[in-house]
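J.: What follows is a predicted protein model with its sequence.
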Amino acid sequence: MTKQIVLKSRPFGIPTADNFETRIVEIPAVAEGEVRLTTKIVSVDPYLRGRMSDAKSYIEPFKMGEPIVSGLVARVTESKADNLNVGDYVMDRLPWQEEMVLTASGLQKVDEKLVPLSYYLGILGMPGLTAYFGLLDIGKPQKGETVVVSGAAGAVGLVVGQIAKIKGCRVIGIAGDDAKNDYLMKELNFDAVINYKTVENMNAAITSACPSGVDVYFDNVGGEISDAVVVQINKGARIIICGQISLYNATRLPVGPRIQPILLKRSALMQGFIVSDYADRFPEGFKALVNWVVSGQLKYTQTIYHGFDQLPEAFIALFEGKNLGKLIVEV
């Protein structure tokens, strides 16, 4: 028997602990071609909020009464598969369950000796690849340009800022905590930071931090922050729509400024994307990120919760801004 966490009810607004339920389920015997896994690290990501709703989206919603699924690293504890041995570590999108039996095919083996295992869910996983392809393929940053990153202290944002620095750009980070902004400045060498929770006038703050305007905006949050940044874009600017966390828990459709005239007058590009759009190029992104991490050009940090039962609390913490870098749960 093992624990699993399922979606008990669909959230209205910000998720609460009542939307989750822990169940005890039976683990089947391991058959040929299968492995038994013990969960070690679970990824907690903002996009999961969208899957908790039944609204049409780019990915199917979670079904009521079924486990939440996210990125997960697990250890093989029993194997009847030729390609995996006891003691190996694997990664995939898997259910929130302490132990499970799965078909071995499709599971990605990861090397615990190369980097910490949690990196495969963060800087070398979905967040890192999101930063890599979003910034480089859509943003196309050029040396000397100004890049603004909202949600800059999150799992994606801090990678975006560092890659922009590697490309020779001036980088401005927006986050809602002075300690986070200190980390961006002192540890990651951002050129300027803005605390959106304490600044009195966001438009004035953007103008001050970006005296030459904004060439690339990596948008992780949407809402009023993005409204202020878009006003400051230069001709030919590129706006990457990665996340809209400020709107994920909205209970009615928000109405904002009409930005089309700005895009028209500045000959600017605004493009959304999902990292899975680049699935066939993941090896390219992974290789580049590994090289930057191993060489010390990319630093990473994470916020860790401990214990399987902490998964709902950790997920809710995302919307309270409690994480610096990637938020994970170690089981």
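T.: Yes, it's here.
J.: Now do the strands in the stretch 151-300 of the chain.
T.: Per DSSP state E, counting those that start in this stretch, the stretch 151-300 of the chain carries strands over the ranges 170-175, 192-195, 214-219, 233-241, 269-272.
J.: got it, and the stretch 1-150 of the chain?
T.: 2-7, 20-25, 34-43, 69-79, 89-95, 99-103, 108-110, 146-150.
J.: looking at the ones you listed, which is buried most?
T.: By mean neighbour count, with neighbours taken as mean count of other Cβ atoms under 10 Å, strand 146-150 ranks first of the strands of the stretch 1-150 of the chain at a mean of 30. Just so you know, the C-beta spots here come from the backbone N, C-alpha and C atoms, and that holds for glycine as well.
J.: just the angle between that strand and strand 233-241, please?
T.: 40 degrees (axes from the mean of the first three to the mean of the last three Cα atoms, to 10 degrees).
J.: Next one: Gly154 relative to Thr301, how far apart?
T.: 11 Å (Cβ to Cβ, to the nearest Å).
J.: returning to what we had before: now distance to Tyr196 and mean pLDDT too, for the strands of the stretch 1-150 of the chain, in a markdown table please.
T.: Output for the strands of the stretch 1-150 of the chain, formatted as a markdown table (distance: least, Cβ to Cβ, whole Å; pLDDT from 0 to 100):
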| stretch | distance to Tyr196 | mean pLDDT |
| --- | --- | --- |
| strand 2-7 | 31 | 98 |
| strand 20-25 | 29 | 98 |
| strand 34-43 | 25 | 98 |
| strand 69-79 | 27 | 98 |
| strand 89-95 | 31 | 97 |
| strand 99-103 | 40 | 97 |
| strand 108-110 | 36 | 95 |
| strand 146-150 | 8 | 98 |
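J.: thinking again about what came up before, of all the strands of the stretch 151-300 of the chain, which lies closest to Ser150?
T.: strand 170-175 (4.6 Å; Cβ to Cβ).
J.: Run the chain-centre distance for the closest one.
T.: From the chain centre to the centre of strand 170-175 is a distance of 17 Å (Cα atoms, centre = their mean, to the nearest Å).
J.: Over to stretch 6-14?
T.: That offset, for stretch 6-14, works out to 20 Å (Cα atoms, centre = their mean).
J.: how far does that stretch stretch from start to finish?
T.: 17 Å (Cα to Cα, to the nearest Å).
J.: try stretch 320-327
T.: Start and end residues of stretch 320-327 are separated by 12 Å (Cα to Cα).
J.: So which residues make contact with that stretch?
T.: Here stretch 320-327 makes contact (Cβ atoms under 8 Å, 6 or more residues apart in numbering) with 43-45, 118, 121-123, 127, 153-155, 158, 176-177, 179-180, 183, 300-303, 305, 314, 317-318.
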